[in-house]
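>>> let me see the structure of the following:
(2 chains)
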Number of protein chains: 2
Amino acid sequence: MARKKKQAAGDAPPATSGAEAARRIVRVGQTVYEDILKRRKPSLRFPVRSLANVRYDLKRGHFEIRGRMATRTLTYNTVKTFAQSMRLLATTKADLLDKDDIAGKREIYYNSKSWGECRFDEQPESDSLLDDIEAMLGVNREQLGYIPEERGGEVAGHLRVVDRNPATREEVRIDCTRLGTGAWSIPSRVEHLRFESRAKFILVVETASLFQRLVHHRYYETAQCILVSMSGVPTRACRRFIRRLADDQALPVYVFTDGDPYGYCNIYRTLKVGSGQAAHINRFFCVPQARYLGVTPQDILDYKLEDATHPLEAADVKRAKDALKNDPFIRHHKEWQDALNQMLRMGVRVEQQAFAKHGLNFVLERYLPDKFRKKHFLP
Amino acid sequence: MARKKKQAAGDAPPATSGAEAARRIVRVGQTVYEDILKRRKPSLRFPVRSLANVRYDLKRGHFEIRGRMATRTLTYNTVKTFAQSMRLLATTKADLLDKDDIAGKREIYYNSKSWGECRFDEQPESDSLLDDIEAMLGVNREQLGYIPEERGGEVAGHLRVVDRNPATREEVRIDCTRLGTGAWSIPSRVEHLRFESRAKFILVVETASLFQRLVHHRYYETAQCILVSMSGVPTRACRRFIRRLADDQALPVYVFTDGDPYGYCNIYRTLKVGSGQAAHINRFFCVPQARYLGVTPQDILDYKLEDATHPLEAADVKRAKDALKNDPFIRHHKEWQDALNQMLRMGVRVEQQAFAKHGLNFVLERYLPDKFRKKHFLP
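Next comes the predicted model:
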């Protein structure tokens, strides 16, 4: 089933090897060490992580960090944070990268309790420092061995994941058509995965319930595709998995969420272009090849779902208006402005399960084939 | 790897076949039909679903529903609900059981939009009626083809799940040692699964992060066990899966959560004996063979975790005191009262990741082996 690796569709930076990440850490340490030997005050330089230092990169299709840097120089006031930075870099190299081990942010916080004076008092301190280090080294922290607390994201369909036995490093092929009524749960870290697939596209769905229906009826055979369930706003692992898979196999990505401002502006927008707060790593996590399949406000009319909608709540209206005014992604795409304005005019939202009005399997027998035939997607 | 099916440890009611569930629905319909022919007012009888109609069944080890029944007779006032009950029974039989299809509660609500006058106006109406039907037929609704909106629960380790291809019904064996760094995601409905295992026990953990660590280091090989991740309070599918697996393979179940009142009184208690609100189906979902491994308040002292704890918050104290006063399960077990009182005296809670203080892998190299050697478990 293997096929030649195709040209990547995006311009994803290649995953940094553990060895390369370790070298970068050693270089930081050497600079500090040399500064000390030369009786200069050592300092660390981090990109500033804030919305003010972010721009929407149209070409690459995600929020990108600008060049502003902050410098942390070793002084009487910064001595504890400085020491913690060095200790965290050392732990990252010695306990994670060199040993090919993993750790959650919370585990690292607890681990610091044995660091004596440079222990962290509260987890937000270690979390923030870890974000700094991630930005400084120019890698996402998963590449350093850090794993998110949350898993999330499931896969079924025409895909073989080439993973490895973590202990023996022996290759393990997971055939995602051979998981029965279950699915393959995406691990917290996906950097090392390889893929083999003859699928034509990836269909990403919001709700676990719709995913289960598509798996139950083996929609991925009918449509020759790969199904991914996000269960709400996708986790980092889920986003990175979709991005790596789509790049590696040059596959289009279609996204199917509830038809409401949350589904458009939070779930889909985050998947496609990333979030403002994490601009320094969006380039690893965004999925620029994603296109929006539905449910659109127009679908409510086209599929006569009027009596299966819900009135927009105040929070929905606020979210839509905020996005129209402030979200650089929405402001760039006229189609999205039109869709949000249409929704505000209609005053209703619609869930992806609403198609059940016309029969439980209408969604896979009519709606999805319609969409793929007409190719009506939002950007 | 197959072995003879052992004597079930619990006294789980056998799963009702779809055909049997369909027959029960037909019997309900016949009774109503005959009543009408005899010009009697037809009526439906449901067990009363409320805490007042619940008792803690010590022998069976779960909350059990008492015998109080409510009768819904067809009158001018009940005509809509009565019609909805009949329509829901018909859909359950014709669209789900007869077709071996599945549906979420929300899909059924939307499906009702095509039922004309007996459509549901709000989803709580159809949810409540579905609970009535579940209680009336004496099966959990998963056996009727209804699936929860939420998936949740992942498995890795010494287990082969015998599932089937939902389309061809061909058997599919999922070897849960061959899933790389990922895991098998438990499907929404687990009634049809069969199991093959040589594991010695099931270890159920609260957090995805610890699960990932155990998988990464293939703890299930060291300990010859099956690992299940709950990610918080276990979903129905996850509870039912553990129960069916533990019964079928006669395996002990050990539960490892954060050491706080939520971990004890919500996560563990729910897994072991069920919840008050769902007493009519607890017998399908509880896991009476579960024992509590940790983290206990005594572990904080034994493993010198004092500086890796957090102060109890007001909500924690309230939860612990409520449980001591009102929870029949806690009130039955002196050991649990002692543990909660010790926690209240110490004034702190502890997370399962706190062991990282002594090294990232202390938890699997020292803590878990200690526990299994000393066999200090709470009931």
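>>> wait, residue A:143 sits on residue A:191?
Yes. In this structure, residue A:143 is within contact of residue A:191 by C-beta atoms under 8 Å, at 5.6 Å. Any C-beta I mention is one placed from the backbone N, CA and C, and that applies to glycine too.
>>> who has more neighbours out of these two?
residue A:143 (23 against 18; other C-beta atoms under 10 Å in any protein chain shown).
>>> mind checking what secondary structure the more buried one has?
helix (DSSP: H, G, I helix; E, B strand; the rest coil).
>>> any idea how far it lies from chain B?
14 Å (C-beta to the nearest C-beta, to the nearest Å).
>>> over to residue A:127?
Remark: distance between residue A:127 and chain B (C-beta to the nearest C-beta) = 14 Å.
>>> what's that residue in contact with, if anything?
Residue A:127 makes contact with A:105, A:109 under the criterion C-beta atoms under 8 Å, 6 or more residues apart in numbering or on different chains.
>>> the helix or strand harbouring it - what's its average pLDDT?
Here residue A:127 sits within helix A:123-137, counting by DSSP states H and E. What helix A:123-137 shows for mean pLDDT is 89.
>>> same for the following helix or strand past that helix, what does it pack against?
The helix or strand immediately downstream of helix A:123-137 is strand A:146-147, counting by DSSP H and E. With contacts taken as 3 or more C-beta pairs under 8 Å, 6 or more residues apart in numbering or on different chains; DSSP states H and E, strand A:146-147 sits against strand A:103-104.
>>> tell me the first helix or strand C-terminal of the strand it packs on.
helix A:105-111.
>>> give me the buried positions along that following helix.
A:105-111 (16 or more other C-beta atoms under 10 Å in any protein chain shown).
>>> may I have the phi/psi pair for residue A:234?
phi -70, psi 140 (degrees, to the nearest 10).
>>> which residues touch it?
A:152-153, A:204, A:242, A:267, A:270-271.
>>> and the residue sitting nearest the centre point of chain A, how far from chain B?
Closest to where the C-alpha atoms of chain A average out (C-alpha atoms, centre = their mean) is residue A:239, at 2.8 Å. Per C-beta to the nearest C-beta, residue A:239 is found 16 Å from chain B.
>>> element containing that residue?
Per DSSP H and E: helix A:236-249 holds residue A:239.
>>> show me what contacts residue A:81?
With C-beta under 8 Å, 6+ apart, residue A:81 has these contacts: A:72, A:129.
>>> just the angle between whichever strand or helix holds it and helix A:123-137, please?
Under the criterion of DSSP H and E, residue A:81 resides in helix A:79-91. Angle, helix A:79-91 to helix A:123-137, by axes from the mean of the first three to the mean of the last three C-alpha atoms, to 10 degrees: 60 degrees.
>>> just the contacts of residue A:234 now: which is nearest residue B:319?
Closest to residue B:319 out of these is residue A:152 (26.5 Å), distances taken as C-beta to C-beta.
>>> so that closest one, which state does it fall into?
From three-state DSSP, the assignment for residue A:152 is coil.
>>> and the nearest residue to it once chain neighbours are set aside, its phi and psi?
Spatial nearest neighbour of residue A:152, excluding adjacent residues (C-beta to C-beta, 6 or more residues apart in numbering or on different chains): residue A:235 at 3.8 Å. The phi/psi pair for residue A:235 (degrees, to the nearest 10) reads phi -70, psi 170.
>>> pull the longest helix from chain A.
Longest helix in chain A, counting residues (DSSP state H): helix A:18-37.
>>> now it, how far from the centre of its chain.
Centroid separation for helix A:18-37 versus its chain: 29 Å, with C-alpha atoms, centre = their mean, to the nearest Å.
>>> next one: stretch A:290-300
Distance, centroid of stretch A:290-300 to centroid of chain: 21 Å (C-alpha atoms, centre = their mean).
>>> can it be said to contact chain B?
No. Judged by C-beta under 8 Å from any C-beta of the partner chain, stretch A:290-300 and chain B are separated, with a smallest distance of 12.1 Å.
>>> show me what contacts the residue nearest to the centre of chain A?
By C-beta under 8 Å, 6+ apart, residue A:239 lies in contact with A:270-271, A:285-287.
>>> my read: residue A:141 touches residue A:129, true?
No. Contact criterion C-beta under 8 Å: residue A:141 and residue A:129 do not qualify, at 11.1 Å.
>>> those two - which one has more neighbours?
Comparing residue A:141 with residue A:129 by other C-beta under 10 Å, the one with more neighbours is residue A:141, at 24 against 20.
>>> CA atoms only for the helix holding residue A:239, dumped as CSV, please.
Below are the C-alpha coordinates for helix A:236-249, written out as CSV (Å, rounded to 0.1, in the frame of the first residue of the first chain):
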residue,chain,number,x,y,z
ARG,A,236,-2.2,20.3,19.6
ALA,A,237,-1.6,16.6,18.8
CYS,A,238,-4.6,16.4,16.6
ARG,A,239,-3.7,19.5,14.6
ARG,A,240,-0.1,18.5,14.2
PHE,A,241,-1.2,15.0,13.1
ILE,A,242,-3.5,16.4,10.4
ARG,A,243,-0.9,18.8,9.2
ARG,A,244,1.9,16.2,9.0
LEU,A,245,-0.4,13.7,7.3
ALA,A,246,-1.8,16.2,4.8
ASP,A,247,1.7,17.5,3.9
ASP,A,248,3.3,14.1,3.7
GLN,A,249,0.6,12.6,1.5
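>>> for chain B, what are the nearby residues on the stretch 151-300 of chain A?
A:151, A:154, A:161, A:163-167, A:172, A:174, A:178-189, A:192-193, A:207-209, A:211-213, A:215-218, A:221, A:229, A:231.
>>> just the ones of those residues in helices?
Going by DSSP H, the helices hold A:208-209, A:211-213, A:215-216, A:221 from these.
>>> which of the residues you listed count as buried?
Judged by 16+ other C-beta under 10 Å, buried ones among those: A:208-209, A:211-213, A:215-216.
>>> I'd like the next helix or strand past the longest helix of chain A.
Assigned by DSSP H and E, the successor of helix A:18-37 is strand A:43-47.
>>> can you list contacts of that next one?
Residues from elsewhere that reach strand A:43-47 (C-beta under 8 Å, 6+ apart): A:28, A:32, A:35, A:53, A:65, A:67-74, A:82, A:85, A:132, A:135-136, A:280.
>>> of those residues, grab the buried ones for ChimeraX.
Applying 16+ other C-beta under 10 Å to the contacts of strand A:43-47, the buried members can be selected in ChimeraX as follows:
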select /A:28,32,53,65,72,74,82,85,132,135,136,280
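>>> now for whichever residue of the stretch 201-350 of chain A sits closest to chain B: which residues touch it?
Closest residue of the stretch 201-350 of chain A to chain B, C-beta to the nearest C-beta: residue A:209 (3.9 Å). Counting by C-beta under 8 Å, 6+ apart, residue A:209 touches A:353, B:104, B:106-107, B:147-149, B:188.
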